[in-house]
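Asks: For reference, the sequence and a predicted model appear below.
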Amino acid sequence: MTVATAEEVEADTVPWRALFLLGAASFASSAALRFCDPLLPTLAHAFDTTPGKAAIVITAYAISYGGFQLLTGPLGDRYGKVRMVALGAVLSGLFTFACAFTTSLEQISVLRFLAGLTGAAIIPNCIAFIGDTIPFAQRQAVLARYMIFTSFGAISGQAIGGVLADALGWQSVFIMAGLFLLSAGTVLAIQQRTNPVLSRRSPAPPGGLRGSLAQMLALRNIPFARVVLSAVMLEAVLFYGTFTFVGAHLRHVYNISYTAIGAMTALSAAGAAAYSWSAPFLLGRFGERSVLGMASVFLAVSFGLLALSPPLWLVAVAIAIGGFGFVLLHNPLQTNATQMTPDSRGAGIATFAFCFFAGQTAGVALCSLIFDRVGAPPLFAGAAILLPVLVFWFRAGLSRTKPA
């Protein structure tokens, strides 16, 4: 097995075929994370319980998916990142597929827990592999394109899950998601044997798995890593915690259908995709520092408009530019995270992913309390102020701590 570093990749060559295969696995992983959201009423009816109790199938997956990322990154460093992605996709697919043949909500919950445990290996190792393979000068643009797969995976999971459940029953959703993961993992495993990029391996970190875990713990002593990890956690708290309640706000203020709400919230991913395609131009023309400045403007305008409850067409614009602004911030965060531990990127990205996921969980819990007490407009107004503050704090922190 040959060893490769980013420097061995030609400066003007990006292995798009290999990245497409990794993106397909990430698409399936993102879809698997969200496809149960619209199934709660159906599962509640099928198992004679309430939607709140049926939500255990989401919670079980989220807990294992978020927590196990701290281990899947170091495992990728030790045994190979692409190998872990393929194995994780296959196993997660099998557990997901098996959910269709269960007879109780408890059985689904156990299988969803196992699916999250194994699916946690996919996205962090994909990002770490990109960090190992793509030179830093190109990495931010490539990661922006990669984010198209994860963004549309989450949206597709919600949309297709609801459609299939209505047309063919809830079992069909688990079958579809399981087969998609199985297919992506199997193809990736086969291609790893013949694709010269996917078959490359980075040197194992000193000390093996224990060494990777030690490096994860040591991140708290690195100023640059503290800035990146703190920023991504706060980003998740402020953006995802607030954006979660856009749908409830649309229903309460504009009284539109749930189908319309789904279509409008999907505009956030459309904005993210627009950045993914324009990233090479924006980064080449303006650079990272200016792009972060743009993020503060887009995020402030987006949540500021939402706080004012303007006409519905303007709400749609606000949601789209909010998605654009989010990736203007998240993409530099993600790119800099690949530089926190260059010798064991799996461990560094796993820590980054864990902080991002923990921030989302904490943000939804915190913002739900605010939403119940004062409603959505003050929540949106707070995000319009605090997100730009976070952007400028992160930019200043990078200038102060980023390695030369």
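Replies: Thanks, I have it.

Asks: make it CA atoms for all contacts and neighbour counts henceforth
Replies: Noted.

Asks: Number of residues surrounding the closest residue to T72 other than its chain neighbours?
Replies: Leaving aside its chain neighbours, T72 sits nearest to A121 (5.0 Å; criterion: Cα to Cα, 6 or more residues apart in numbering). Neighbour count for A121, taken as other Cα atoms under 10 Å: 33.

Asks: Tell me how far A121 lies from T341.
Replies: From A121 across to T341, the span is 18 Å (Cα to Cα, to the nearest Å).

Asks: rewinding a little: list the contacts for the residue nearest to T72?
Replies: For A121, the contacting residues are 69, 72-73, 76, 84-85, 88-89, by Cα atoms under 8 Å, 6 or more residues apart in numbering.

Asks: Also A274?
Replies: Counting by Cα under 8 Å, 6+ apart, A274 makes contact with F324.

Asks: Against I319, how distant is it?
Replies: Taking Cα to Cα as the measure, A274 falls 13 Å from I319.

Asks: before we move on, what about G375?
Replies: Taking Cα to Cα, one finds G375 at 18 Å from I319.

Asks: ok, the two, which is more surrounded?
Replies: I319 (27 against 16).

Asks: With adjacent residues omitted, what lies nearest to the more buried one?
Replies: S268 (5.3 Å).

Asks: How many neighbouring residues does that neighbour have?
Replies: Residues near S268, counting by other Cα under 10 Å, number 25.

Asks: so it makes contact with I321?
Replies: Yes. Between S268 and I321 there is a contact at 7.2 Å, judged by Cα atoms under 8 Å.

Asks: picking that back up, looking at the residue nearest to I319 now. What's its pLDDT?
Replies: Note on S268: pLDDT of 84.

Asks: Tell me the helices and strands packed up against the helix or strand that contains L329.
Replies: Taking DSSP states H and E as the criterion, L329 maps to helix 312-337. Contact here means 3 or more Cα pairs under 8 Å, 6 or more residues apart in numbering; DSSP states H and E; on that basis helix 312-337 packs against helix 136-168, helix 223-235, helix 258-265, helix 267-308, helix 345-374.

Asks: Quick check: buried residues in that helix?
Replies: Along helix 312-337, these residues count as buried under the neighbour rule (16 or more other Cα atoms under 10 Å): 315-337.

Asks: what's the answer for stretch 130-145, then?
Replies: Buried-residue list, stretch 130-145, by 16+ other Cα under 10 Å: 130-136, 138-145.

Asks: Of the helices and strands packed on helix 312-337, which is nearest F113?
Replies: Closest approach to F113 among these is made by helix 345-374 (15.9 Å; Cα to Cα).

Asks: What residues sit buried inside the closest one?
Replies: For helix 345-374, burial by neighbour count (16+ other Cα under 10 Å) applies to 345-364, 367-368, 371.

Asks: Check which helices and strands the next helix-or-strand element following it sits against.
Replies: Scanning forward in sequence from helix 345-374 by DSSP H and E, the next helix or strand is helix 376-401. The contact analysis (3+ Cα pairs under 8 Å, 6+ apart) places helix 376-401 against helix 223-235, helix 241-243, helix 267-308, helix 345-374.

Asks: can you give me the angle helix 376-401 makes with helix 223-235?
Replies: Computed by axes from the mean of the first three to the mean of the last three Cα atoms, to 10 degrees, the angle separating helix 376-401 from helix 223-235 equals 170 degrees.

Asks: and the closest residue in space to Y275 that isn't next to it in sequence, what does it touch?
Replies: Sequence neighbours aside, F324 is the residue nearest to Y275 in space, at 5.9 Å (criterion: Cα to Cα, 6+ apart). Each residue near F324 by Cα under 8 Å, 6+ apart is listed here: 268, 271-275, 295, 298.

Asks: No more questions from me, cheers.
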